[in-house]
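Asks: 3D model of this:
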Amino acid sequence: MSVLTITKANIEAEVLKSEKPVLVDFWATWCGPCRMVGPVIEEIANEATDFKVGKINVDEERELAMEYGVMSIPTIAVFKKGKVVNKSVGALPKAAILSLVD
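Replies: Numbers count the residues shown, from 1 in each chain. I've put the predicted structure just below:
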């Protein structure tokens with residue numbers, strides 16, 4: 001599955017009401033560590049079968065970033081049943097990102 005672009009318009013359907021857990025990467029184009037994590041997020045999305053993967057551009061979706069308390073990026077959050085159950089700030093290796101979902 002490819003990475004979903006999450007916006008105010010689709011967060012409810014794609015994330016909050018998802019049957020599967022959703023790994024969400026809060027990022028921005030100007031953020032160096034975000035660019036490092038981006039390909040890892042893409043790779044995880046292509047391999048994931050038991051959870052979904054989405055990205056929220058904090059410049060385009062400031063309200064969502066504020067709503068979920070994103071102060072620094074990249075922030076990776078895991079949603080289950082509409083709630084954030086795990087969160088990490090900063091660039092992480094693939095194994096550490098995957099461990100957030102478990």
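
Asks: Go through the lengthiest helix in the chain and flag the buried ones.
Replies: Scanning the chain for the longest helix, with DSSP state H as the assignment, gives helix 32-47. Burial within helix 32-47, assessed by neighbour count using 16 or more other CB atoms under 10 Å, is assigned to C34, V37, G38, V40, I41, I44, A45. Backbone N, C-alpha and C define where each C-beta goes, glycine included.

Asks: Among these, which one sits closest to S18?
Replies: Distance to S18 across the buried residues of helix 32-47 (CB to CB) is lowest for A45, with 14.0 Å.

Asks: List the residues that contact that closest one.
Replies: Residues in contact with A45, defined by CB atoms under 8 Å, 6 or more residues apart in numbering, are M1, S2, V3, V53.

Asks: Equivalent analysis for G38, please.
Replies: D25, W27.

Asks: isn't K87 right up against P74?
Replies: No - using CB atoms under 8 Å, K87 is not in contact with P74, being 11.1 Å away.

Asks: Compare those two (neighbour count), which wins?
Replies: A count of neighbours by other CB atoms under 10 Å puts P74 above the other of K87 and P74, at 26 against 16.

Asks: show me what contacts that one?
Replies: D25, F26, W27, C31, P33, C34, V37, V89, G90, A91.

Asks: repeat that with 6 Å
Replies: P74 sits next to D25, W27, P33, C34, V37 when contact means CB atoms under 6 Å, 6 or more residues apart in numbering.
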